[in-house]
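1. give me the fold of what follows.
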Amino acid sequence: MKTGLITSDTSQNHDTGPGHPEQIARVSVIVENFKKLNNKNLVWKKPSKVSDDILLTTHDSDYINFVKNSFPKKGFSSLDGDTIISPGSKEATFDAVGSIITAIDGVEKKEIKNAFCCVRPPGHHSSQNKAAGFCVLNNVAIGSQYLLKKYKYKKVAILDVDVHHGNGTQDICYDNENILFISTHQYPYYPGTGSEQERGKFNNIKNIPLPAGTNSNQYFDAFEHGLKKLEEFKPEFILISLGLDGHQADPLAQFNLKTEDYYTITKRILETSKKFCNGKVVSILEGGYDLNALKDSTKRHVDALLEFN
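-> Numbering: from 1, shown residues only. Below you'll find the predicted structure:
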């Protein structure tokens, strides 16, 4: 079995304007690096088209219509203070969702063992009816609903390792006993949510807030609590919101993780997953704003995925 790499040229048409940290190069540096590495065990796939039915499992119909009509014919528009869109953003936004659908279908059809979706815009700050923090549609939450509805799973876990709390994903999953949401994040920090008191209606939310300056050892001590929760829940499929902005080089946050830590994070999730879902794991790119850290950390993440095959 091989690892899927799902990406689309449309990610590189999502122009956020000069000086914006969520820039086109975030995806292009990763894609060019994997092309250069040319690993025969990496299966490149394109995102599938996504129906409104799939989007409506997660987002309000009014919001979906609003998003579809919000992309400018030229220049830039903003969905909130941080979330800038341009004409090329439309295809990129819907292909980002389509990537996680392609990845899940590939795993379910046994074409691939696991997958990494290298797309933008990210998704985890987007709620049922609101764009926020560079995010338009919540890719990972839509993926979790797709697993429940199409493949009839009863237990899906989302692990969010972005340095910012995935408040949109938490909002969407808060009352859903079939989804476990685990998040490690800098706290207090943007977006201000993610305290340990936010536990979900069914105790299905596990927040692990950590202070600025958290280093690798401190992070992994805390991460064990997330893995313990994962073992208690016994998910049948795991989705990873792969934010790489906890890296010590990242300009937007104050964690001190190293490139190799993203290999270890992935490996520990995969080892834990053996017990109940045999490595059915799909990750999708969220944050990460230092280009070298992105390139190197995604390689180590995918190295761990490939080793598990």
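2. state the distance from Ile84 to Val136.
-> The gap separating Ile84 from Val136 is 10 Å, by CB to CB, to the nearest Å. The way it works is simple: take the backbone N, C-alpha and C, and place the C-beta from them, glycine included.
3. between these two, who's got more neighbours?
-> For Ile84 versus Val136, neighbours defined as other CB atoms under 10 Å are more numerous around Val136 (31 against 19).
4. am I right that Gly4 sits in a strand?
-> Yes. The assignment for Gly4 is a strand, going by DSSP: H, G, I helix; E, B strand; the rest coil.
5. go through stretch 172-185 and flag the buried ones.
-> Within stretch 172-185, the residues that qualify as buried are Ile172, Cys173, Tyr174, Asn176, Asn178, Ile179, Leu180, Phe181, Ile182, Ser183, Thr184, His185, counting by 16 or more other CB atoms under 10 Å.
6. what about the closest residue to the third one other than its chain neighbours, distance to Gly166?
-> In this case it means Tyr174. Once flanking residues are discounted, Tyr174 sits nearest to Gly200: 5.2 Å by CB to CB, 6 or more residues apart in numbering. Between Gly200 and Gly166 the computed distance is 13 Å (CB to CB).
7. between these two, what contacts are shared?
-> Here Gly200 and Gly166 have Phe181 as joint contacts, going by CB atoms under 8 Å, 6 or more residues apart in numbering.
8. so for those two, which residue has more residues nearby?
-> Gly166 (36 against 18).
9. correct me, but the more buried one touches Ser127?
-> No. Gly166 is beyond contact range of Ser127, at 10.4 Å (criterion: CB atoms under 8 Å).
10. how about stretch 99-110: buried residues?
-> Ser99, Ile100, Ile101, Thr102, Ala103, Ile104, Asp105, Gly106, Val107.
11. the first one: which element?
-> With elements taken from DSSP states H and E, the one containing Ser99 is helix 89-108.
12. so what does the helix or strand just after that helix touch, helix or strand wise?
-> Once helix 89-108 ends, the next helix or strand along the chain (criterion: DSSP H and E) is strand 114-118. Packed against strand 114-118 by the contact rule (3 or more CB pairs under 8 Å, 6 or more residues apart in numbering; DSSP states H and E) you find strand 3-7, helix 25-37, helix 89-108, strand 281-285, helix 291-307.
13. got a markdown table for those, with mean pLDDT and distance to Glu232 too?
-> Formatted as a markdown table, the helices and strands packed on strand 114-118 follow (pLDDT from 0 to 100; distance: least, CB to CB, whole Å):
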| stretch | mean pLDDT | distance to Glu232 |
| --- | --- | --- |
| strand 3-7 | 98 | 28 |
| helix 25-37 | 98 | 34 |
| helix 89-108 | 98 | 23 |
| strand 281-285 | 98 | 18 |
| helix 291-307 | 98 | 23 |
